[in-house]
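Chemist: Need coordinates for the below:
(chains A, B, C and D)
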Protein chains: 2
Amino acid sequence: MKKSEAILREKRLSVTKSRVDLLELFIKKNKPLSIIDFKKTKLFQEMNESSFYRNVSKFEEADIIRSVPTANEYHSYELVSDDIDHHHHIVCTSCKSVKCLTECGLDKSFINMAKKVGYSLGGHSLELYGLCPKCKSK
Amino acid sequence: MKKSEAILREKRLSVTKSRVDLLELFIKKNKPLSIIDFKKTKLFQEMNESSFYRNVSKFEEADIIRSVPTANEYHSYELVSDDIDHHHHIVCTSCKSVKCLTECGLDKSFINMAKKVGYSLGGHSLELYGLCPKCKSK
DNA sequence: ATTTATTTGCAACTGACTTGCAGATTATAT
DNA sequence: ATATAATCTGCAAGTCAGTTGCAAATAAAT
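Modeler: Next comes the predicted model:
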C-alpha cells in the first residue's frame, strides 16, 4: 500500500485516484506547492483543476498539509509531518525556488511587544527573501 | 495646501482630485489598507475602482506607499514615512484589524541560518496573528 | 450486491486586478 | 491667458485564481 493511501485511511478520507496521486506529489516534492507548480505537473493533464482545489481543502482540514504564507499571489501548501516541525522558508527572488529552514527566528522580546499592545498571540508568518546559490553566481 | 498635495508635487506626480483624496485616506487611516478597506469608504462611491489600482501603483513606484505582505488574499499598502521605519504588523484573526509594531523581531541567528544554506539575504516579511483587546474580551 | 455517501468533471460563476480606448483634466510652452 | 502636449479618468471588457451547483461516476457501508 502506498504511503499516501495509508495517510488517507488514517485520516478517514475516501481513497480515490486523484487524492492518492496528489498526495504522492506532495510527498515526492517535499516542499511548498502552489497551483502554479501543480500546473507544471503531468498530473494536471489528468486531474481537473477544481478537484485539485477541493482536495487541497480536504487535506488541509485533515491536517495533512498546511498553508504556507508566501506573500505573493498564490496559495501554497506543504506536508505536515512530524519531523518537519514549526519552521519558515527562504524564497529566491530570482528563480522563485523555496527552501525550508530548520528553526524559527523570532525572538522573545518581539513576542512580548505584541503582548504590550494588548493582543493575545496566535501564530505568525515569516518569510525570508534573497538569492539562492545558483542565482547568486550569475 | 493639503499634505497630500505637497507630497504629490514633491514626487512630481500630477495633482488630481482622486490622488489627493486617496492619499489623504492613507494619511488619515495611518495603517495598512487593502481594496477591502477602500470599498468600505465613502471615497469608493466617488472614485472608480480602476483609478484606485492605478493610483496605488503610481504611489508605490514613487515610494509614497509600500506593499505590506499580509499572507492573505488581498494586497495591502501603507504609507512610507520617515518616522515609521522598518517594522511589522499584528493582525487580529477575528476582526481583521491591523496594528503596526515598532520594532523588528528577527534575531541575528536566524539571518545567519539563511546564509548557512547559501543564500544572500534580501528582505523579509513577518506577520503576527492573534486577538486584539476588543475581540479578546468577547 | 445493493444502497448510501462522497467525489469527480464540467461549466458557469465570483471577485481581485488589468487594460484599451475616448473623453476630461492637468502640466507645459508660448 | 491660451493653445498644445502629456497624463489621468471612467467605462467596459478581459484575465486568472479560486468557488460552486449539478448530474454522472466511484467509493464506503450494509
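
Chemist: Determine the number of other residues adjacent to A:A114.
Modeler: Residues lying near A:A114 (other CB atoms under 10 Å in any protein chain shown) number 21. C-beta coordinates here come from the backbone N, C-alpha and C atoms, glycine included.

Chemist: Show the contacting residues for it.
Modeler: Residues near A:A114 by CB atoms under 8 Å, 6 or more residues apart in numbering or on different chains: A:L121, B:I90, B:L101, B:L128, B:G130.

Chemist: Between those residues, which sits nearest B:V15?
Modeler: B:L101 (33.3 Å; CB to CB).

Chemist: wait, doesn't that closest one sit right on B:L126?
Modeler: No. Judged on CB atoms under 8 Å, B:L101 makes no contact with B:L126 at a distance of 9.2 Å.

Chemist: so what sits against both of the two?
Modeler: Contacts common to B:L101 and B:L126, judged by CB under 8 Å, 6+ apart, are B:H88.

Chemist: the more surrounded of the two?
Modeler: Using other CB under 10 Å, the more surrounded residue of B:L101 and B:L126 is B:L126, with 23 against 18.

Chemist: So what's the gap between the helix or strand containing A:S67 and the chain middle?
Modeler: Element membership for A:S67 (DSSP states H and E) is strand A:65-68. In this view, strand A:65-68 has its centroid 4 Å away from the chain centroid, taken as CA atoms, centre = their mean, to the nearest Å.

Chemist: List buried residues within the contacts of A:A114.
Modeler: Among the contacts of A:A114, those classed as buried by 16 or more other CB atoms under 10 Å in any protein chain shown are B:I90, B:L101, B:L128, B:G130.

Chemist: On the C-terminal side of the helix-or-strand element of chain A with minimal mean pLDDT, identify the next helix or strand.
Modeler: Ranking every helix and strand in chain A by mean pLDDT, DSSP states H and E puts helix A:108-116 at the bottom, with a mean of 68. Once helix A:108-116 ends, the next helix or strand along the chain (criterion: DSSP H and E) is strand A:120-131.

Chemist: That following strand packs against which elements?
Modeler: Under the contact criterion of 3 or more CB pairs under 8 Å, 6 or more residues apart in numbering or on different chains; DSSP states H and E, strand A:120-131 touches strand A:89-92, helix A:108-116, strand B:120-131.

Chemist: With distance to B:E61 added, can I get these in JSON lines?
Modeler: As requested, the helices and strands packed on strand A:120-131 are exported to JSON lines (distance: least, CB to CB, whole Å):
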{"stretch": "strand A:89-92", "distance to B:E61": "23"}
{"stretch": "helix A:108-116", "distance to B:E61": "31"}
{"stretch": "strand B:120-131", "distance to B:E61": "17"}
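
Chemist: which one of those lies closest to A:Q45?
Modeler: Of all the helices and strands packed on strand A:120-131, strand A:89-92 comes closest under CB to CB, at 27.4 Å.

Chemist: Can you tell me the strand partners of that closest one and which way each runs?
Modeler: strand A:98-100 (antiparallel), strand A:120-131 (parallel) (DSSP bridges).

Chemist: what about A:K39, distance to A:S51?
Modeler: Distance from A:K39 to A:S51, counting by CB to CB, to the nearest Å: 13 Å.
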